[in-house]
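Student: I would like to see how this sequence folds:
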Amino acid sequence: MAEIGFSTGALAKGDLARAVATAVAAGVKVLELSALRTTELPSLESFVSQADLSSFNFIALHAPADFTADQEADVVARLHRIADNRPWPIVIHPDRICDYALWRGFSSQLCVENMDRRKSIGRYMTDLNAIFDDLPEARFCLDIAHARQVDPSMTECYRMLRRFRNRLCHLHLSGVATSSKHEALSFAFLFAFRRFASALPVNVPVVLETPVDAAGAREQIARAHEMFGDPGANGATV
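Tutor: Purely as a prediction, here's the structure:
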């Protein structure tokens, strides 16, 4: 059974300490430290240098998604300072990459995420094939909500999973609005996902990107477990 946790951006956007405290209180063992805005990187760097994250079994970083080509080298340097001595996957939106040579330095620590319909690249298996040609050691973060938005039949999701199964590092799971904003898991999403869940490898960590408060965190974890065919889960990871 996969362990299920949260992105800090979903629990408390811009407030790492509160997000981590909420995750700990919810009993989760999977955490993604989010710095989707470049301005959040300094506080992330400071936070991880002193935070006690020993209760988590799996930790990932989400790189900024708003940097420009002029900022790219500085973003990469900051991520190296955070992650070089920590075996944490670094999730990157491939549409932000301008200089692939900068990112190859992360080797298998880099984790490419498939994109939603707003993005010009990274939405389809063919896009990702070309990206992995330039980043041959990188791994894959499958965002199921993005894949479903791009292709509601989930055919493209099956293709990506089949092609990049050996690269799969972890999953992103949430609902998604027509505006491409992440939403809480709905029953409609549950129905669509249950048909796909059996195709997923077991024991791949799951990161919820569902925006909830502390009271809603356990409910979303329980719903996620139900999606994986574990309706008896009490909200804690197993």
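Student: CA only for contacts and neighbour counts going forward, please
Tutor: OK.
Student: okay, the residue nearest the centre of the chain: pLDDT?
Tutor: With distances taken as C-alpha atoms, centre = their mean, residue 172 lies nearest the centre of the chain, 4.4 Å away. The predicted structure scores residue 172 at 95 on the pLDDT scale.
Student: Now do the same for it: helix, strand or coil?
Tutor: The assignment at residue 172 comes out as strand when based on DSSP: H, G, I helix; E, B strand; the rest coil.
Student: residue contacts, the closest residue to it other than its chain neighbours?
Tutor: The shortest distance from residue 172 to any non-neighbouring residue, by C-alpha to C-alpha, 6 or more residues apart in numbering, is to residue 143 (4.4 Å). Applying C-alpha atoms under 8 Å, 6 or more residues apart in numbering, one finds that residue 143 lies in contact with 113-115, 171-173.
Student: Dump the residues you listed to CSV, plus distance to residue 84.
Tutor: Supplementary listing: the contacts of residue 143 in CSV, determined by distance: C-alpha to C-alpha, whole Å:
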residue, distance to residue 84
113, 20
114, 24
115, 26
171, 22
172, 23
173, 27
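Student: Among the residues you listed, which one has the most neighbours?
Tutor: With neighbours set by other C-alpha atoms under 10 Å, the maximum within those is found at residue 114, which has 28 neighbours.
Student: circling back: isn't the residue nearest to the centre of the chain right next to residue 148, touching?
Tutor: No. Under the criterion of C-alpha atoms under 8 Å, residue 172 lies out of contact with residue 148, with a separation of 12.0 Å.
Student: What's the separation between the residue nearest to residue 172 and residue 92?
Tutor: Between residue 143 and residue 92 the computed distance is 12 Å (C-alpha to C-alpha, to the nearest Å).
Student: what's the helix or strand for residue 41?
Tutor: Per DSSP states H and E: residue 41 is located in helix 41-50.
Student: tell me the helices in the protein, going along the chain?
Tutor: Counting by DSSP state H, residue ranges of the helices within the chain are 8-11, 16-25, 41-50, 72-83, 100-104, 125-134, 144-150, 155-164, 187-197, 214-227.
Student: between the longest one and helix 16-25, how many degrees?
Tutor: In other words, helix 214-227. Taking axes from the mean of the first three to the mean of the last three C-alpha atoms, to 10 degrees, one finds helix 214-227 and helix 16-25 inclined to each other by 50 degrees.
Student: Next, the angle helix 187-197 makes with helix 214-227.
Tutor: Using the same axes, to 10 degrees: helix 214-227 against helix 187-197 is 40 degrees.
Student: Could you list every helix and strand that helix 214-227 packs against?
Tutor: Using 3 or more C-alpha pairs under 8 Å, 6 or more residues apart in numbering; DSSP states H and E, the elements in contact with helix 214-227 are strand 4-7, helix 187-197.
Student: Likewise for the shortest one?
Tutor: When contacts are defined as 3+ C-alpha pairs under 8 Å, 6+ apart, helix 8-11 sits against helix 16-25, strand 30-34.
Student: List the contacts of it.
Tutor: Here helix 8-11 has contacts from 15-16, 19-20, 22-23, 31-35, 208-214, 217, using C-alpha under 8 Å, 6+ apart.
Student: Could you provide the helices and strands packed on helix 8-11 in CSV, with additional columns for mean pLDDT, mean neighbour count and distance to residue 198?
Tutor: Shown next, in CSV, are those (pLDDT from 0 to 100; neighbours: other C-alpha atoms under 10 Å; distance: least, C-alpha to C-alpha, whole Å):
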stretch, mean pLDDT, mean neighbour count, distance to residue 198
helix 16-25, 94, 18, 27
strand 30-34, 97, 25, 21
